[in-house]
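Chemist: Please find the sequence and the predicted model below.
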Amino acid sequence: MTTQITSLEEYKEQYKSSIENPEAFWDKEAKTFTWFEPYKEVCKWDFEGPDVKWFLGGKTNITYNCLDRHIETRGDQTAILWEANESRKNGKNGSNGNEERSLRYTYRQLLDEVCKASNMLKSLGIQKGDRVVFYMPMVPELAIGVLACARIGAVHSVVFAGFSAQALADRVNDAQAKMIICSDYNKRGAKNIAVKQVVDDAMDLGCNSVSNVIVHKNTGGEINWSDDCDKWWHDHVDDQSTECQPEMMDSEDMLFILYTSGSTGKPKGVVHTVGGYMVYTCYSFKNVFQYKEGDVYWCTADIGWITGHSYIVYGPLLAGATTMMFEGVPTYPDAGRFWEICEKHKVNQFYTAPTAIRALMAKGDHWPEKYDLSSIKVLGSVGEPINEEAWHWYDKHIGKGNAPIVDTWWQTETGGIMITPLPGITDTKPTYAAYPMPGIQAVLVDKDGNELNENNVEGLLCIKHPWPSILRTTYGDHERCKQVYFSSFPGMYFTGDGARRDSDGRIRVIGRVDDVINVSGHRMGTAEVENAINEHDNVIESAVVGYPHEIKGQGIYAYVISQGKEKDDVFRKEILAVVTKEIGPIAKPDKIQFVDDLPKTRSGKIMRRILRKIASGDVDSLGDVSTLLNPDAVEKLMSNK
Ligand code: WT7
């Protein structure tokens, strides 16, 4: 089994040896997994390509390591513990009120279900290397389907079920997916969301690579049906055999594509491969959460994001853990829901996002006080900087001062947690992600790429040596991968984040330095939102920036130049509707300001620095505006705010 660090001395030793001899370090970890054929070389890399390979020549299957190899030792242990959305109980939104509230899949049952789904995929012509897009709520079938792809070597690409039909179609087309797997409806809080309808709309927009849409019956609500391509999950899965040999996968075969936003308008498909991702997610899971035999671990993320991939599905299952999956939302039926579940299932490790902490904090201390949270040993935070107030509330009201908080910094591209305290092992300091994991050479550089080696310094966060779960490419566009991550500072992976190091060497990640905003822990490209706004016929130009938002961390502020329309709330609503249609509700601007002009440099570039300052009300220090083509635009923006 993967090494588990148990003391500060061990952390220091492991860190040192992982830097001095990364290959020997990761070789030792990789050997704890089952390889059908051993790898011949641990790592080969060149950041210029970039061309990074781990465990070269090794053959394995990640689902064999998640499931089969645990059957003998923990076949009857719960692998996935599923907790339903509350509406299933009370007969709301189409429920008969008698539905299961929680379901358990033992490792044996999960393996059976994954094999059945694998056989379904095969029977419908899905082969190794084919892409399958998932557009589903947080039901067990999503995890089962994803694992089924991995078992037969198909590449999964999960699209968060809050994205619009257009956004879904864009991703399906970029991946040239052969199949979409969705549900009929999604129960989300009090809402019933017509998921299949969104898929129908995406198909109408043109998804020519797709030959089948598999529909999981989640609520049984009415849906449109196309006899040509629609198929029920149960019709094609239920009678399948529970035997399916895992495909022999090369360590560097593609495991999944996950789309994420960047500085340009088009989302990029981050590609992860089998071997390195397997080793790193398992290793980081066991160490960051200090998971112990018998613990119940709960990550509240959605599988539509990397957190769900690495720390609901793969990391925990590889480590033989019991991982909980929650269908609902934090505030439904009330703001005690998370804590009720922690009490009910005696959760030991709880991993959530600052935005959820802030939202629940705002509802009052009496909610967590109603429940017994004494089982919680470790608290985790991910997705955005956690502010001091939220950190202390989490510590005091949820951890009762006894559960260390791991503020985990990482990215879709890094595959796993990179900078974090280790609970009970290293110290913690509010708002600091603190220390790099073994194997992670985090450095700060100035804008010319000079390494800043002293403490008490601020700079751009880069990583020097590859780690096993680093992205390999951006799907279909390797050049973009090179440009975005490996060209700013030769020989280093550039994260796009700014960070500071305190006098004791702890790292605090401050936020993005590119045109990406972090809304409720979700990455939004400003260019993407602008493109969406510009789809409105009366919009001439727009500029989108982030501003501090009490609950979401950052809100979206849009400046809009328009013509031929009253600049009122009706128009604002229309703009929101366009954004919802183009991307999804998560990208809706929180504020829209109609303007006549935008501050531009002489070369015609919008000066976002100024727009950000105005949006956040920080107008005393606008900085140098002398290079502006139209300085008077700034005055007008401020007076019309
Ligand atoms: C960006 C990555 C990785 C899972 C969820 C987000 C920000 C993430 C932290 C943290 C400060 C953080 C960074 C990063 N971020 N975790 N603990 N402290 N910032 O994944 O969508 O790929 O976004 O989220 O800005 O670059 P993602």
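Modeler: Looks like it arrived, so ask away.
Chemist: only C-alpha atoms for contact and neighbour calcs from this point on.
Modeler: OK.
Chemist: residues touching the residue of the stretch 101-250 of the chain found nearest the ligand, list them.
Modeler: Relative to the ligand, the nearest point of the stretch 101-250 of the chain is residue 160 (11.8 Å; C-alpha to the nearest ligand atom). Contact analysis of residue 160 by C-alpha atoms under 8 Å, 6 or more residues apart in numbering lists 135-136, 302-305.
Chemist: Let me have those in JSON lines, extended by neighbour count and distance to the ligand.
Modeler: What follows is those, written out as JSON lines (neighbours: other C-alpha atoms under 10 Å; distance: C-alpha to the nearest ligand atom, whole Å):
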{"residue": "135", "neighbour count": "25", "distance to the ligand": "18"}
{"residue": "136", "neighbour count": "28", "distance to the ligand": "19"}
{"residue": "302", "neighbour count": "18", "distance to the ligand": "10"}
{"residue": "303", "neighbour count": "27", "distance to the ligand": "11"}
{"residue": "304", "neighbour count": "22", "distance to the ligand": "11"}
{"residue": "305", "neighbour count": "17", "distance to the ligand": "7"}
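Chemist: three-state assignment of residue 554?
Modeler: When classified by DSSP: H, G, I helix; E, B strand; the rest coil, residue 554 comes out as strand.
Chemist: residues touching it, list them.
Modeler: 517-520, 546-548.
Chemist: can you tell me which of the residues you listed are in strands?
Modeler: Those of the contacts of residue 554 mapping onto strands are 517-519, 546-548, per DSSP state E.
Chemist: out of those, who's nearest residue 420?
Modeler: Ranked by distance to residue 420 (C-alpha to C-alpha), those are led by residue 518 at 19.2 Å.
Chemist: still on that earlier bit, tell me which element the residue of the stretch 101-250 of the chain closest to the ligand falls in.
Modeler: Per DSSP states H and E, residue 160 falls between elements, in no helix or strand.
Chemist: repeat for residue 104
Modeler: Per DSSP H and E, residue 104 falls inside strand 102-106.
Chemist: Report all helices and strands that the helix or strand following that strand contacts.
Modeler: Following strand 102-106 in sequence order, the next helix or strand is helix 107-123 (DSSP H and E). Using 3 or more C-alpha pairs under 8 Å, 6 or more residues apart in numbering; DSSP states H and E, the elements in contact with helix 107-123 are helix 71-74, strand 78-83, helix 140-152, helix 233-237.
Chemist: Mind doing that once more with 7 Å?
Modeler: With contacts defined as 3 or more C-alpha pairs under 7 Å, 6 or more residues apart in numbering; DSSP states H and E, helix 107-123 has these neighbours: helix 71-74, helix 140-152, helix 233-237.
Chemist: Okay, now the sheet partners of the helix or strand just after that helix, with direction.
Modeler: Per DSSP H and E, the first helix or strand lying C-terminal to helix 107-123 is strand 131-135. Paired neighbours of strand 131-135 in the sheet (DSSP bridges): strand 155-158 (parallel), strand 179-183 (parallel).
Chemist: Just want the residue of the stretch 201-350 of the chain that's nearest the ligand.
Modeler: Residue nearest to the ligand within the stretch 201-350 of the chain: residue 307 (4.9 Å; C-alpha to the nearest ligand atom).
Chemist: from what I can see that residue touches residue 300, true?
Modeler: No - the criterion here is C-alpha atoms under 7 Å, and residue 307 misses it with residue 300 at 9.1 Å.
Chemist: With mean neighbour count, mean pLDDT and distance to the ligand added, can I get the helices and strands packed on helix 107-123 in TSV?
Modeler: Output for these, formatted as TSV (neighbours: other C-alpha atoms under 10 Å; pLDDT from 0 to 100; distance: least, C-alpha to the nearest ligand atom, whole Å):
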stretch	mean neighbour count	mean pLDDT	distance to the ligand
helix 71-74	14	97	29
helix 140-152	25	98	18
helix 233-237	17	98	30
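Chemist: domain parsing for this protein?
Modeler: Annotated domains of the chain cover 1-511, 516-639 [automatic domain parsing].
Chemist: Endpoint to endpoint, the longest one covers what distance?
Modeler: End-to-end distance for domain 1-511, by C-alpha to C-alpha, to the nearest Å: 35 Å.
Chemist: One more: stretch 557-575?
Modeler: Distance between the two ends of stretch 557-575: 13 Å, counting by C-alpha to C-alpha.
Chemist: now that stretch: how far from the chain's centre is it?
Modeler: 32 Å (C-alpha atoms, centre = their mean, to the nearest Å).
Chemist: Show me what it is in contact with.
Modeler: 533, 536, 538-547, 589-597, 615 (C-alpha atoms under 7 Å, 6 or more residues apart in numbering).
Chemist: Can you find the helix or strand of this structure with the lowest average pLDDT?
Modeler: Least confident helix or strand, the chain: helix 632-639 with a mean of 86, by mean pLDDT, DSSP states H and E.
Chemist: just to revisit the earlier point, pick out the shakiest of the domains of the chain, pLDDT-wise.
Modeler: Across the domains of the chain, domain 516-639 has the smallest mean pLDDT, namely a mean of 92.
Chemist: Show me how far that one is from its chain's centre.
Modeler: 25 Å.
Chemist: what does stretch 60-72 give?
Modeler: On C-alpha atoms, centre = their mean, the centre of stretch 60-72 falls 24 Å from the chain's centre.
Chemist: Am I right that residue 440 sits in a strand?
Modeler: No - looking at residue 440 with three-state DSSP, it is coil, so not inside a strand.
Chemist: thinking it is in contact with residue 418, fair?
Modeler: Yes - contact criterion C-alpha under 7 Å: residue 440 and residue 418 qualify, at 6.5 Å.
Chemist: With neighbour numbers in mind, choose between these two.
Modeler: Neighbour totals were compared for residue 440 and residue 418, and residue 418 leads with 24 against 21 (other C-alpha atoms under 10 Å).
Chemist: pretty sure the more buried one contacts residue 437?
Modeler: Yes - counting by C-alpha under 7 Å, residue 437 is a contact partner of residue 418 at 5.6 Å.
Chemist: For the nearest residue in space to residue 387 that is not next to it in sequence, grab the count of nearby residues.
Modeler: In space, and not counting its chain neighbours, residue 387 is closest to residue 431: 5.9 Å by C-alpha to C-alpha, 6 or more residues apart in numbering. For residue 431, the neighbour count with other C-alpha under 10 Å is 19.
Chemist: and if you look at the one 3 residues further on?
Modeler: Using other C-alpha under 10 Å, residue 434 has 27 other residues around it.
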